[in-house]
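Undergrad: Fold the stuff below for me.
(2 chains)
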Amino acid sequence: MPQTRPDPGVLEAWQDPDARPFLEIRKITKIFGDRTYAVDDVSLNIFKGEFFSLLGASGCGKSTLLRMLAGLERSTQGQILIEGQDITRMPPYERPVNMMFQSYALFPHMTVEQNVAFGLKQERLSAQAIRTRVGEMLELVHMSEYARRRPDQLSGGQRQRVALARSLAKQPKLLLLDEPLAALDRKLRERTQFELVNIQERVGTTFIMVTHDQEEAMTMSSRLAVMDAGRILQVGTPSEIYEYPGSRFVAEFIGAVNLLEGRVVGSEDDRVIIQTEAAAGDIALYHAHPLAIGTPVAVALRPEKLRLLEGPPADDRNWVRGKVREIGYLGDVSVYHVETEQGMTVQVQVTNRARRTAGPLTWDDTVHLGWDSEAGVVLPV
Amino acid sequence: MTTGRETAATAGTSSLKRRFDRGVKSLTQGRLGQSLVIALPYAWLLLFLLLPILIVLKISLGEIALASPPYTPMLQWAEDRTLSVQIHLGNYAFLWQDPLYLSAYLNSLKVAAVSTVLCLLIGYPMAYGIARAPTGWRIVLLMLVILPFWTSFLIRVYAWIGLLQGNGLINHLLLSVGLIDQPLVLLHTNFAVYLGIVYSYLPFMILPLYATLVRMDLTLLEAAADLGCPPWKAFVTVTLPLSMPGIIAGSLLVFIPAVGEFVIPDLLGGPDSLMIGKVLWTEFFSNRDWPVAAAVAVAMLLLILIPLLLFQRIGERETTRDRG
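TA: Here you go, the predicted model:
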């Protein structure tokens, strides 16, 4: 999986309280018609050189937010600033921002070359300068030999590259990508993920990508924002979002998760004790803030954080017992659906270390599952 | 997955279905069916288009005669039982020699060209407006464009006489408002001819333009704006080139019938607005000179057809060069 190389300057930008954000979104709201809040009071700071993703299901407002950044949609309220300059009311053709469209929106009556040159021609550049830049961009996306073709003579992957080259040609301060990989097949998509990250590192432009694919967002972004119903639920690095989801929605949206509901009954050196109907005994988990006794909570446990136990643990905490109902063999790992004695289905993921055709478990096996105190997250209900 | 039992069950019905499918296929895709389907419209065109043209061509190569029909036959049995073929090219030479015909042709081309440009200038914004209107409005606006077709063409042209004449509605209105103190001469002028042609043929320009404009992907304009193109420039560099097929189709639909237009110049035009359709009518009905009338018609056909074929050939060559 592609990972942005750890660059201390970039990685710490959002942690540094003095750092000046490159893009500031201040309380942006977009209302369609009378009462449809497409984007609802969103504030966000994005730093130079970031690969930022807006992640959410379709209709969550992520594309509308992106289009407001491009100037293709007018915000109802709020402000957008790039390097301190207010661009909220600036028309799209004056913004130092370019966008790669989901449909690519290549001009069908122009060749690849002319498409890439289109934006450059709008600035008064010499023909020579335009030619050089177009050559560089086509080189960057490995499309030099297709320069004279028309978009309808290209495959989907090739069109995607041309669209990328065209949007990067003007050296925008900010590149917006609207589902850039959605139209590609799986193999090509995975390869292109690496390439996009590579290109982003080379050109150093700040990228904001909209995607509904959580895997894509996780693998490519420096940070991401999870959106639902026009609001941002959580902003963080992929690992923060995955390991410390702030809400049930985020926990369920990113990756697979087991949610056990219960009630806080006490605390014990940094750990909260949760009484639950869903597990065999109490649940004890680390939690940063103390919680009042009686607070209803949900415990989020990732399938790979569960372990197979020999039997019930000595302290009778953090465990369930159940029967294997479904087995999903994925090659590197196997996923088991275990029906617990409490009547819940719990997913557990086991790495297939040894090579064998049958996994360590089979249908109707009784298993004991346990987890560590730092394995789960306590979420408000 | 299919179980063995299911395959056995479907096998019985499938042979019947296959035979039926083959029958339908042989009709729609087989050689016989295919040629039959194509042959019908071809036969129609042959009978009612090509044959009449050939007859007109034949008449144009004859001479005027006091007979019925009033021209000399092309083929004749001579007395010694030999077949004689008589071809007179005199009619065509006459067209070339008499400046009346040449000026009528040129005037027709000019009137048609100017009308086409006017139709394009008026029709493009209308088509654009309809194509960009809210979906529910489009059909209403299109209906308004097509609405005049529900009244006979001739009646609509006559209505213009009522509007344009000296004591007509327009003069009446202008006089009563006090903008003029003498009635304007509107009827029987070149202006009236242009007005009539543009009025009558505007829908033929709007409809193909609308068809191309409504299909256009609007994200292309967003992409143009995003790449730094202000709206007017995006129109010139993106919308206009992409609506070229509509512009060409609309222009041909206006230009071709306008060249041969007879009714409008006859009813609305003055004595100096001489168009080839009018000349043709005079030759045929007033002079009863069928061969010259036929020659005029053939010459007009060639005049329109040859540039059109050249145009198409160039277009084809360009597309093949692009693909190559």
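Undergrad: Give me the neighbour count for A:Lys170.
TA: When counting by other CB atoms under 10 Å in any protein chain shown, one arrives at 23 neighbours for A:Lys170. In short, each C-beta sits where N, CA and C put it, glycine included.
Undergrad: List the backbone torsions phi and psi for the nearest residue to it once chain neighbours are set aside.
TA: Counting by CB to CB, 6 or more residues apart in numbering or on different chains, A:Lys170 lies nearest to A:Gly119, which is 4.4 Å off, once chain neighbours are set aside. Backbone torsions for A:Gly119, taken as degrees, to the nearest 10, come to phi -70, psi -40.
Undergrad: What separation do you get for A:Gly119 and A:Ala251?
TA: Per CB to CB, to the nearest Å, A:Gly119 is found 41 Å from A:Ala251.
Undergrad: what ranges do the strands span in the stretch 201-350 of chain A?
TA: With DSSP state E, counting those that start in this stretch as the criterion, the stretch 201-350 of chain A has strands at A:206-211, A:223-228, A:231-236, A:258-268, A:271-276, A:283-286, A:296-301, A:307-309, A:319-329, A:333-340, A:345-351.
Undergrad: who touches the residue nearest the centre of chain B in this structure?
TA: The centroid of chain B falls nearest to B:Leu253 when counting by CA atoms, centre = their mean (3.4 Å). Residues counted as contacts of B:Leu253 (CB atoms under 8 Å, 6 or more residues apart in numbering or on different chains) are B:Tyr201, B:Phe204, B:Met205, B:Pro208.
Undergrad: For chain A, state which of those residues is nearest.
TA: The shortest approach to chain A among the contacts of B:Leu253 belongs to B:Pro208, at 17.6 Å (CB to the nearest CB).
Undergrad: Tell me the pLDDT of residue 155.
TA: Went with chain A since none was named. Listed pLDDT for A:Ser155 reads 93.
Undergrad: Wait, chain B was what I had in mind.
TA: The model reports B:Ile155 with a pLDDT of 93.
Undergrad: tally of neighbours for it?
TA: Neighbour count for B:Ile155, taken as other CB under 10 Å: 8.
Undergrad: ok, and it, which helix or strand is that part of?
TA: Assigned by DSSP states H and E, B:Ile155 belongs to helix B:153-164.
Undergrad: just checking, what packs against that helix?
TA: If you count contacts as 3 or more CB pairs under 8 Å, 6 or more residues apart in numbering or on different chains; DSSP states H and E, helix B:153-164 packs onto helix B:169-177, helix B:190-215, helix B:263-268.
Undergrad: need the next SSE after the shortest one, C-terminal direction.
TA: Meaning helix B:263-268. helix B:276-281.
Undergrad: and if you look at the second one?
TA: Of the helices and strands lying after helix B:190-215 in sequence (DSSP H and E), the nearest is helix B:219-226.
Undergrad: Packing partners of that following helix?
TA: Contacts defined by 3+ CB pairs under 8 Å, 6+ apart place helix B:219-226 against strand A:97-100, helix B:231-234.
Undergrad: rerun at 10 Å
TA: The elements that helix B:219-226 packs onto, with contact taken as 3 or more CB pairs under 10 Å, 6 or more residues apart in numbering or on different chains; DSSP states H and E, are helix A:62-70, strand A:97-100, helix A:112-122, helix A:156-168, helix B:231-234.
Undergrad: ok so, going back, closest to chain B out of the strands of the stretch 201-350 of chain A?
TA: Closest to chain B of the strands of the stretch 201-350 of chain A is strand A:206-211 (CB to the nearest CB; 13.7 Å).
Undergrad: what number of residues lie near A:Gly343?
TA: 9.
Undergrad: hang on, it packs against A:Lys323?
TA: No - if you go by CB atoms under 10 Å, A:Gly343 and A:Lys323 don't touch, sitting 11.5 Å apart.
Undergrad: out of the strands of the stretch 201-350 of chain A, nearest to B:Gly178?
TA: Closest of those to B:Gly178 is strand A:206-211, at 63.4 Å (criterion: CB to CB).
Undergrad: Return the list of helices and strands in contact with the closest one.
TA: Where contact means 3+ CB pairs under 10 Å, 6+ apart, strand A:206-211 is packed against strand A:36-46, strand A:51-55, helix A:62-70, strand A:97-100, strand A:174-178, helix A:186-203, helix A:214-220, strand A:223-228.
Undergrad: where does the residue nearest the centre of chain A land on pLDDT?
TA: Centroid-nearest residue in chain A, with CA atoms, centre = their mean: A:Ala217, separated by 2.9 Å. Per-residue confidence (pLDDT) for A:Ala217: 92.
Undergrad: just to revisit the earlier point, got the helices and strands packed on helix B:153-164 as a markdown table, with mean pLDDT and mean neighbour count columns?
TA: What follows is these, written out as a markdown table (pLDDT from 0 to 100; neighbours: other CB atoms under 10 Å in any protein chain shown):
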| stretch | mean pLDDT | mean neighbour count |
| --- | --- | --- |
| helix B:169-177 | 90 | 13 |
| helix B:190-215 | 95 | 21 |
| helix B:263-268 | 91 | 21 |
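Undergrad: Quick one: those as a markdown table, columns for distance to B:Ser84 too.
TA: Shown next, in a markdown table, are the helices and strands packed on helix B:153-164 (distance: least, CB to CB, whole Å):
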| stretch | distance to B:Ser84 |
| --- | --- |
| helix B:169-177 | 60 |
| helix B:190-215 | 46 |
| helix B:263-268 | 40 |
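Undergrad: Of all those, which one is nearest A:Thr29?
TA: Ranking the helices and strands packed on helix B:153-164 by their distance to A:Thr29 (criterion: CB to CB) puts helix B:190-215 first, at 32.5 Å.
Undergrad: Do the closest one and chain A come into contact?
TA: No - if you take CB under 10 Å from any CB of the partner chain as the test, helix B:190-215 misses chain A, and the best it gets is 11.4 Å.
Undergrad: ok and that helix relative to helix B:153-164, angle-wise?
TA: Relative orientation of helix B:190-215 versus helix B:153-164 (axes from the mean of the first three to the mean of the last three CA atoms, to 10 degrees): 120 degrees.
Undergrad: Find the residue closest to B:Leu184 in space, skipping its chain neighbours.
TA: Spatial nearest neighbour of B:Leu184, excluding adjacent residues (CB to CB, 6+ apart): B:Asn171 at 5.9 Å.
Undergrad: hang on, that neighbour packs against B:Asp181?
TA: No - the pair B:Asn171 / B:Asp181 is not scored as a contact, 11.1 Å apart, by CB under 10 Å.
Undergrad: Tell me, how many residues neighbour residue 90?
TA: Let's take chain A. Using other CB under 10 Å, A:Met90 has 15 other residues around it.
Undergrad: my bad, the chain I had in mind was chain B
TA: For B:Gly90, using other CB under 10 Å, the count is 16.
Undergrad: Need the per-residue pLDDT for the residue nearest to it when sequence neighbours are not counted.
TA: Among residues not flanking B:Gly90 along the chain, B:Glu63 sits closest, at 7.1 Å (CB to CB, 6+ apart). pLDDT for B:Glu63: 87.
Undergrad: Close to chain A: what parts of chain B are there?
TA: When proximity is defined as CB under 10 Å from any CB, chain B approaches chain A at B:216-231, B:233-234, B:237-238, B:240-242, B:244, B:322-323.
Undergrad: let's see 8 Å
TA: Residues of chain B lying close to chain A (CB under 8 Å from any CB of the partner chain) are B:217, B:219-220, B:222-230, B:233, B:237-238, B:241-242, B:322-323.
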